[in-house]
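1. using only what follows, build the 3D model:
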Amino acid sequence: MDEKSFRRGHRYLTLVNDLQRSRVLYVGEARTQESLDGFWDQLTPEQLQSIEAIALDMWDPYVNSVREHLPGADGKIVFDKFPIAQHLGNGVDRVRRRENKLLPAAGDDRLAGTRYDWLRHPAGMEAKDWKEFTALRKSGLKTARAWALKEARMAWFDYVYERPARKHFRWWANWAVRSR
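-> I've put the predicted structure just below:
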């Protein structure tokens, strides 16, 4: 499930796709819970029971619609990677901004001008930039820890098997809680 914008302005369509068969199942006007609610009405109870997983972003109206109409929805929802990455990136940036307000008072300007360094994917950095960034990463700053947490969480998406993925997530969640 996803929304697509079209034309100028913020005009959206709600789309439901069958990823296995590569086909569009439903198109609704707007990007609201009601626009997705119309999809569920066309399914039989047997079809609803046969749904094993549903991928969507963290858009509350869509999540609410799925939970309202799909039995066992919480065990079937799979959130898209990109909103999670955005959320984690925003968290790193909040930590960086907070820390960057305190450091200059102590004569430390290491974080000045580094906003986009923390938000970039390491694979996209040139060797010179990576070398400079490595010094920041290993600095013991709270921003460096937040960045490491973000990168470790994103590595979770590379797992193929459930058991190692669960183990990684538990390890990461414990680390995140301890890091506050």
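2. residues contacting S5?
-> Counting by CB atoms under 8 Å, 6 or more residues apart in numbering, S5 touches R11, Y12. Using the backbone N, CA and C atoms, a C-beta is placed for each residue, glycine as well.
3. check the secondary structure at it for me.
-> Secondary structure, DSSP: H, G, I helix; E, B strand; the rest coil: S5 is strand.
4. and it, how far from D57?
-> Distance from S5 to D57, counting by CB to CB, to the nearest Å: 13 Å.
5. how about S65?
-> Distance from S65 to D57, by CB to CB: 13 Å.
6. just D18 next, same as before
-> D18 is 18 Å from D57, by CB to CB.
7. more neighbours, these two?
-> Shown here are D18 and D57; by other CB atoms under 10 Å, D57 has more neighbours (16 against 10).
8. next up, phi/psi of that one, please.
-> phi -80, psi -180 (degrees, to the nearest 10).
9. and for M154?
-> phi -70, psi -30.
10. cool, G28 as well?
-> Main-chain torsions, G28, degrees, to the nearest 10: phi -120, psi 150.
11. and it, what does it touch?
-> G28 neighbours (CB under 8 Å, 6+ apart): L13, T14, L15, S35, L36, G38, F39.
12. and for D2?
-> With contact set as CB under 8 Å, 6+ apart, D2 has these partners: T14, L15, N17, L56, D57, D80.
13. next, the second one: secondary structure please.
-> In the three-state summary, L15 is assigned as strand, counting by three-state DSSP.
14. that one contacts R23, doesn't it?
-> No. Using CB atoms under 8 Å, L15 makes no contact with R23, being 11.1 Å away.
15. could I get the full set of strands for the chain?
-> 2-6, 11-18, 23-29, 54-56, 77-79 (DSSP state E).
16. please name the bridge partners of V24.
-> N17 (DSSP bridges).
17. how near is it to F39?
-> Using CB to CB, V24 is found at 11 Å from F39.
18. between these two, what contacts are shared?
-> Joint contacts of V24 and F39 (CB under 8 Å, 6+ apart) are V16.
19. looking at those two, which one has more neighbours?
-> Neighbour count, other CB under 10 Å: between V24 and F39, F39 has more, with 19 against 9.
20. so what's that one up against?
-> Per CB under 8 Å, 6+ apart, neighbours of F39: T14, V16, L25, Y26, G28.
21. and of the residues you listed, the nearest to L111?
-> Each of the contacts of F39 was checked against L111 using CB to CB; the closest is T14, at 40.7 Å.
22. what's around L141, how many residues?
-> 20.
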